[in-house]
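Trainee: no FASTA, just this:
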């Protein structure tokens, strides 16, 4: 997955270890990195979730190491596609992410229905959080489609 950098170069998707305040390590954070000027940025659709996680962990006084793909549904999906996707495939990374995102959202909605039928509020809350994380990719896609429609 690629993105244009402010310097004109291409930014590639990769996963990095983020060290927060020297006491907390967040591994497998999806980022874009530019090959030309060493510029890095967090994958936009997970940025708010990462900030919320860091704030929560700071308030709790946590330290150590966290695997971000284990606590963030969208990061997990992106990482799974990243590990298995090859450029020779017929679908682009972006198209595959869009398709897999829809499939994951449908699965989570089905699971939510099961949790609701079982009256399991804890499970329903967990699934709601996962759906909220997945909604970021949908919002980003809708925003970029709107911008493309109004670009002349």
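Mentor: Structure's in. What do you need? None of the values given here were measured: they were computed from a predicted structure. Numbering: from 1, shown residues only.
Trainee: Surely residue 18 forms part of a helix?
Mentor: No - counting by DSSP: H, G, I helix; E, B strand; the rest coil, residue 18 falls outside a helix, being strand.
Trainee: any idea how far residue 50 is from it?
Mentor: Distance, residue 18 to residue 50, using Cβ to Cβ, to the nearest Å: 8 Å. The way it works is simple: take the backbone N, C-alpha and C, and place the C-beta from them, glycine included.
Trainee: Report the helix or strand with the lowest average pLDDT across this structure.
Mentor: The helix or strand of the chain with the poorest confidence is helix 121-149; it has a mean of 75 (mean pLDDT, DSSP states H and E).
Trainee: To what extent is residue 73 buried, counted in neighbours?
Mentor: When neighbours are defined as other Cβ atoms under 10 Å, residue 73 has 24 of them.
Trainee: same thing with residue 28?
Mentor: Using other Cβ under 10 Å, residue 28 has 20 neighbouring residues.
Trainee: Kindly report the same for residue 37.
Mentor: 13.
Trainee: Does it belong to a helix, a strand or coil?
Mentor: Classification of residue 37 by three-state DSSP places it in coil.
Trainee: Make sure it is actually in contact with residue 7.
Mentor: Yes - if you go by Cβ atoms under 8 Å, residue 37 and residue 7 touch, sitting 4.7 Å apart.
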